[in-house]
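> Give me a 3D structure for the following:
(chains A, B, C and D)
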There are 4 protein chains.
Amino acid sequence: MNPARKLRYAMVGGAKGSFIGPIHRMALRMDCLADLVAACFARRRAANLETAAELGLDPARVYPDWQSLIAGEKGRVDFVVVATTNETHYAIAKAALEAGMHVFCEKPLSLSVKEAGDLGRIAKRRKLVLGVPFTYTGYPMVKLARDLVKKGELGRIDKVHLEYVQGSFRRPGKRKAWKSDPRIAGPSCVVADIGVHAFTMIEYVTGLEVRSLLADLSAYGNPDGLDDDASILMRLSEGAKGALVTSKVATGEENGVRLRVYGTKASLYFDQEDPNKLVVRYPDRPEAVYRRKASYVNSISPRSAAASRFPAGHHEGFVEALANIYDEFVAAISSGAARDYPGAEEGVRSMRFVEAALASDRKGGRWVRL
Amino acid sequence: MNPARKLRYAMVGGAKGSFIGPIHRMALRMDCLADLVAACFARRRAANLETAAELGLDPARVYPDWQSLIAGEKGRVDFVVVATTNETHYAIAKAALEAGMHVFCEKPLSLSVKEAGDLGRIAKRRKLVLGVPFTYTGYPMVKLARDLVKKGELGRIDKVHLEYVQGSFRRPGKRKAWKSDPRIAGPSCVVADIGVHAFTMIEYVTGLEVRSLLADLSAYGNPDGLDDDASILMRLSEGAKGALVTSKVATGEENGVRLRVYGTKASLYFDQEDPNKLVVRYPDRPEAVYRRKASYVNSISPRSAAASRFPAGHHEGFVEALANIYDEFVAAISSGAARDYPGAEEGVRSMRFVEAALASDRKGGRWVRL
Amino acid sequence: MNPARKLRYAMVGGAKGSFIGPIHRMALRMDCLADLVAACFARRRAANLETAAELGLDPARVYPDWQSLIAGEKGRVDFVVVATTNETHYAIAKAALEAGMHVFCEKPLSLSVKEAGDLGRIAKRRKLVLGVPFTYTGYPMVKLARDLVKKGELGRIDKVHLEYVQGSFRRPGKRKAWKSDPRIAGPSCVVADIGVHAFTMIEYVTGLEVRSLLADLSAYGNPDGLDDDASILMRLSEGAKGALVTSKVATGEENGVRLRVYGTKASLYFDQEDPNKLVVRYPDRPEAVYRRKASYVNSISPRSAAASRFPAGHHEGFVEALANIYDEFVAAISSGAARDYPGAEEGVRSMRFVEAALASDRKGGRWVRL
Amino acid sequence: MNPARKLRYAMVGGAKGSFIGPIHRMALRMDCLADLVAACFARRRAANLETAAELGLDPARVYPDWQSLIAGEKGRVDFVVVATTNETHYAIAKAALEAGMHVFCEKPLSLSVKEAGDLGRIAKRRKLVLGVPFTYTGYPMVKLARDLVKKGELGRIDKVHLEYVQGSFRRPGKRKAWKSDPRIAGPSCVVADIGVHAFTMIEYVTGLEVRSLLADLSAYGNPDGLDDDASILMRLSEGAKGALVTSKVATGEENGVRLRVYGTKASLYFDQEDPNKLVVRYPDRPEAVYRRKASYVNSISPRSAAASRFPAGHHEGFVEALANIYDEFVAAISSGAARDYPGAEEGVRSMRFVEAALASDRKGGRWVRL
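Have a look, this model is predicted:
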């Protein structure tokens, strides 16, 4: 990393104690990618100032709201990280882009396809980089999976089966998350919050496109609330099909993302809770267990090897996956070239997925095109 | 086992070299349940005689066809095991029941709900025992799962997710199985062959009833042939929902039966390829891994403990699961009382499941009541 | 199995409720190897008669003691299964051999090398088959392991590391087993009871010979009693070394037999509690997970494939492993040829191992030759 | 972290491309603990300058050798990280301490007990903090293990069994590491390089002291070279015993650190390659699988919870473990109080372990006191 090129960024959201904000900062520190120079961490003044003080930010660059941050930092930062609640993503990202800032915005990128499309168009027109942290695509073994598929190791893909299950809504004493409040989360909870990760992973690994879907949504934890569980059937390009089970009420599950891709020649299995490993199964030879950064990985997937920091056996986890996405996002900013990170297209497509799921469920389970 | 009560049985099908016939015989030998005294193992004379010779059967009781077996053995055997191809199940089982023999018939019990219902009615009227080897319900840890659910350990059940995946149709050099030939297999391949196991396990473990389903069937291996892959959504009694993924083209899978049941208080996980273990996950305490025959199992599930032969750590497998079903089947014959084995009801309901899946798929994926 | 050749056997020990006796009978029934025709199951008359009645034995062939059994059954049975406590093995086996009966005797074969050697010599002189159930060598994946080593897949072997750990002596309410009573068990508990399994497995899989050892024994559960825990270092032929950890006080362990063999080119891992799988690891390619009876096994190890009954994915367990040993034992009787079962040689060598371990420990941990 | 207190550090060793240097830097960035302000990354001028440039170091603070670094940075940095080869640790650490700098020095801390003792005495006399990265003690689940033992969950400890196995010396094309060159590595390879990690983990988790040991060392990869494989028996305080198997020629292993601790009431298992999990086994209830940062962890082990950054299910790995050690090291510098990090005492004891192992092996395997 050439220090002359070290970028500066501002953050909106992500006060101390929030889940994702500190992870973004750690991910950006991991490879010395960019310096945090300005922020509005929270609308609550105390939380905002306290977080800023801990991070050693110049108080003059700590803003009471995102509007003043964008006004004040225009031309002074390279990019803005948006780590706020869903309902604000669109306005903040839009304003930042219009101020000429590159944007890295949490998922869901917006509350609708329309909004996501707007952001994509603005970014494109202004030649700005828009990144979205579909973090699971950042794992080295997910990149290896993608490359194995590309090389034809699996043959033609018939079926994709993915679980993304959490039990968070069944934890006692867990206050109702804002994620189930439609005013903040938007029209969907489980599909928009984690289903989009699953969807993006499927398209990333297989290289196929989800063409239509049929969704059965539930709201077990709160019958009047947003969806907290979904089973979704999919039809993908080239004749493949898919099934997705995703939930916030999968009691006892932590963050179970388990992907299975079945091809005519082999199948693969990836478990996000064991992320340094990828299993490939064949009809006629022993199952192959690939390990992150093992000697043989580089010849199959240089990008997987490059996305690994430590030798095999010295495990990497979630923050490295996010750092990998930031590496590519920052490289895209620096180089102006296309890179391997989820961006506007993935943001828009994942919103199409959300809207199609809601529409299918409203119709009592009909096939809906994306 | 009182030797005075040791039963005698005849077998139709199951010649040497077939998959399931020898397993039935071993399962029946395991606990000295019954003696094989008569058979028509195959229509091919050589195979029939050779199998009989190896098993030391009296040549006078080896028959060229099932019709003569039933005629010749009426009153001389307690029960008949039907281990033939699907299209013959109904006729053989019907004839045997009408001859006053108890029947243990392979799944699918018949080619239609109507036929299965007939068999159930005949058995009931004649007070005969009709057993069907939904073998996975015979595992001690599946019985423990059922009892944990019954005791309320999981709370109210929200969701059931089951995979039953095989890669057998993707094995090179694998000749096209009769299972994909509609003249022999009947109207369905994957749903009738293994989907029925999954369905029966779900109802057995949860104690709930599948009320309706929506199926998406595929025939990847043979576009003109029977279904070899299915994704099925389900609605169960008491507001629960389900998702089933089942396949014969899941390349590299052997016999992956993985059951997840999510309740409001806990969830459970059972993997048929690791059958001496049951995992229960809680929102607020460590995951509990139960082991077959461990000291604590008996107080929770005497039936699970009773269905285990060897101490914990000395693994049991598939044949013991089938032997457990035979134990209960034979006990039902001997005692005349209801016992814990899958029978006519499960046979009929599983055929309803098959017909509903076919109907739903024909309609392009609509909800169909069972 | 030609019924004309079906053998007849007698059993000493193994009354209903004992651990190992019923498993022997099931194993012998599994493949229709031999018929039980005579027995002395227990010295307690009630237990003896009750077990005999359940098994349908002719009361005239149920004996009050082993002496009368041998006298009464001389010339009437092919072999005797000895499933009694350790201190009686030698006398019974000796008498049976001298009466011209083949013998299958539980481990440890005797209480000393000398006794074991005697039995071996008598068997050899009289051309009788002496089998010893080192059951873990009967697993198909252990046979595959042996064949992979033989073919050179691992290169030269450097190191063997084996755990054989049980927690049985730490189970509350567990009465002190006879296994820790020197009058019944002999001079050693954990080494003679399960250490001998470990030792035999090591020599079976590697094809190497343990030349010397250094043992550190403990008696945690009963400081005045026999060894219930041992750590043993070994030197094997061809420069290999070994380490064995074995215990009866490994709280919470069930029957943990975990074998690791490290060669210059690859290593292998086998876990008896997951016995349908064998893992081979390489320096420069993905780990290979072999599955029992998978299509590729036959070309590598026909004996592994032949020792498997059910298709991959339909798990086999402990009883099948013992049945595999009986298959070979019975074939040795029928054919008069050498076969793949543990016999006199393994029985003698394992007693050398026990005596060397005791001697080494008595000397405060010195290297002792076997 | 109060920015007013943010520390400054210098690094010796750790040029770009080295294994451990970059991990130290990342670990220090993770929680914004300290800024790197000076360095001598390598004696090779180009590597030194290039690394410095990438990290944006002031060229005036990039030194050609460690002597000039210490001279030039005296009073300007809070601590020095020593990430050089073994033979230089002592001189650098000594000089840094004598210059009044706190020191964080790679293991082995020195080439002898005497040297390590010197460093400890100097640090103590000058009230300086000396840290040693026994990184595995930094894992949250290792801290949980320690706290479970402390609370008596395992009862009295009988036995500890640890594997620390790598296959790195069996990787084709792997150039002979300096770790096997006695002029650089010192008198031991595998024991000094990774055995010390194992030893420290054992004492950290159990709270017991290794009193004596018996070692069997090998040099498989290079018969004239340093040890690359060892089996070590141990006697610990309070009557416990231990067994350690450690290797650099465990072909196919990556960084297998598998710890088993057996107590009278329960046992525990930790696998460094699955570091977000801790397994506790009981004689009479289901195995308990603890997950990092799960809700129940905090009440058992606040230090484990505090050492976790991300929610359960979002995995942490090796760098977080090292960051945890740095957190405590920096807190010790800032607060002057004792904290939970491995330091001089562990550094000295681990060298006693190395010397005892070498002495025991030289004597052909005798018990040697530490």
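> all contacts plus neighbour counts: C-alpha atoms, from now on.
OK.
> What residues does the stretch 201-350 of chain A have near chain B?
By the rule Cα under 8 Å from any Cα of the partner chain, the part of the stretch 201-350 of chain A lying against chain B is A:216, A:220, A:231, A:233, A:243, A:245, A:249-253, A:262-267, A:281-284, A:287.
> in chain A, what residue sits furthest out from the centroid?
Centroid-distance maximum for chain A: residue A:284 at 35.6 Å, with Cα atoms, centre = their mean.
> so where is chain A shaky, pLDDT-wise?
By pLDDT under 70, the low-scoring segments of chain A are A:1-5, A:174-176.
> Next one: residue A:337 relative to residue B:11, how far apart?
Separation of residue A:337 from residue B:11 (Cα to Cα, to the nearest Å) stands at 71 Å.
> Mind checking which of the two has more residues around it?
Neighbour count, other Cα atoms under 10 Å in any protein chain shown: between residue A:337 and residue B:11, residue B:11 has more, with 26 against 9.
> Make sure the more buried one is indeed in a helix.
No. If the criterion is DSSP: H, G, I helix; E, B strand; the rest coil, then residue B:11 is strand and not within a helix.
> what sits against it?
Contacts here follow Cα atoms under 8 Å, 6 or more residues apart in numbering or on different chains; on that basis residue B:11 touches B:36, B:38-41, B:80-83.
> make it 7 Å
B:38-41, B:80-82 (Cα atoms under 7 Å, 6 or more residues apart in numbering or on different chains).
> Mind listing the residues bridging to it?
residue B:39, residue B:81 (DSSP bridges).
> and the gap between it and residue B:75?
Separation of residue B:11 from residue B:75 (Cα to Cα) stands at 15 Å.
> go on, residue A:324?
Counting by Cα to Cα, the gap from residue A:324 to residue B:75 is 75 Å.
> Those two: which has the busier surroundings?
The residue with more neighbours, out of residue A:324 and residue B:75, is residue A:324; 27 against 12, by other Cα under 10 Å.
> contacting residues for the residue nearest in space to the middle of chain A?
Nearest residue to the geometric centre of chain A (Cα atoms, centre = their mean): residue A:134, 1.6 Å. Residues near residue A:134 by Cα under 7 Å, 6+ apart: A:197, A:342.
> cool, and residue A:10?
A:36-39, A:77, A:79-81.
> hey, where'd the helices end up in chain A?
With DSSP state H as the criterion, chain A has helices at A:20-30, A:45-55, A:66-73, A:89-98, A:113-125, A:140-150, A:182-185, A:190, A:196-206, A:297-300, A:302-306, A:318-335, A:344-362.
> for the last one, packing partners?
Applying 3 or more Cα pairs under 7 Å, 6 or more residues apart in numbering or on different chains; DSSP states H and E, one finds that helix A:344-362 contacts helix A:113-125, helix A:196-206, strand A:210-218, strand A:368-369.
> Enumerate the positions of the longest one that are buried.
Using 16 or more other Cα atoms under 10 Å in any protein chain shown as the burial criterion, the residues of helix A:113-125 that qualify are A:113, A:115-120, A:122-123.
> Tell me the one of those nearest chain D?
residue A:116 (26.9 Å; Cα to the nearest Cα).
> any idea how far residue A:352 is from the closest one?
Residue A:116 sits 9 Å away from residue A:352, going by Cα to Cα.
> nearest to residue C:20, of the helices of chain A?
helix A:140-150 (46.2 Å; Cα to Cα).
> tell me the angle of the closest one relative to helix A:196-206?
On the basis of axes from the mean of the first three to the mean of the last three Cα atoms, to 10 degrees, helix A:140-150 is oriented at 50 degrees to helix A:196-206.
> Residues contacting helix A:140-150, please?
A:137, A:204-206, A:275-278, A:292, A:301, A:303-305, A:307-308.
> How about stretch A:72-84?
Applying Cα under 7 Å, 6+ apart, the contact partners of stretch A:72-84 are A:7-14, A:21, A:89, A:99, A:101-106.
> Likewise for stretch A:57-65?
A:37-40, A:43, A:45, A:52, A:69.
> Residue A:321 is in contact with residue A:139, correct?
Yes. Counting by Cα atoms under 7 Å, residue A:139 does reach residue A:321; the two are 4.7 Å apart.
> Ends of stretch A:220-236, what's the gap?
29 Å.
> Check the spacing between the residue nearest to the centre of chain A and chain D real quick.
14 Å (Cα to the nearest Cα, to the nearest Å).
> same check, this time on residue A:66
Residue A:66 is 24 Å from chain D, where distance means Cα to the nearest Cα.
> Residue A:266 now?
Counting by Cα to the nearest Cα - residue A:266 and chain D are separated by 23 Å.
> cool, and residue A:230?
For residue A:230 relative to chain D (Cα to the nearest Cα), the value is 20 Å.
> again with residue A:51
With distances taken as Cα to the nearest Cα, residue A:51 is found 10 Å from chain D.
> since we're on that residue, how many residues are nearby?
Neighbour tally, residue A:51, other Cα under 10 Å: 21.
> That one contacts residue A:18, doesn't it?
No. Applying Cα under 7 Å as the test, residue A:51 and residue A:18 come out as separate, 10.7 Å apart.
> Filter the contacts of stretch A:72-84 down to the buried ones.
Buried, going by 16+ other Cα under 10 Å: A:7-14, A:21, A:89, A:101-106, out of the contacts of stretch A:72-84.
> residue contacts, residue A:93?
Per Cα under 7 Å, 6+ apart, neighbours of residue A:93: A:103, A:105.
> domain ranges for chain A?
If you go by automatic domain parsing, the domain ranges for chain A are A:3-131, A:146-316+A:349-362.
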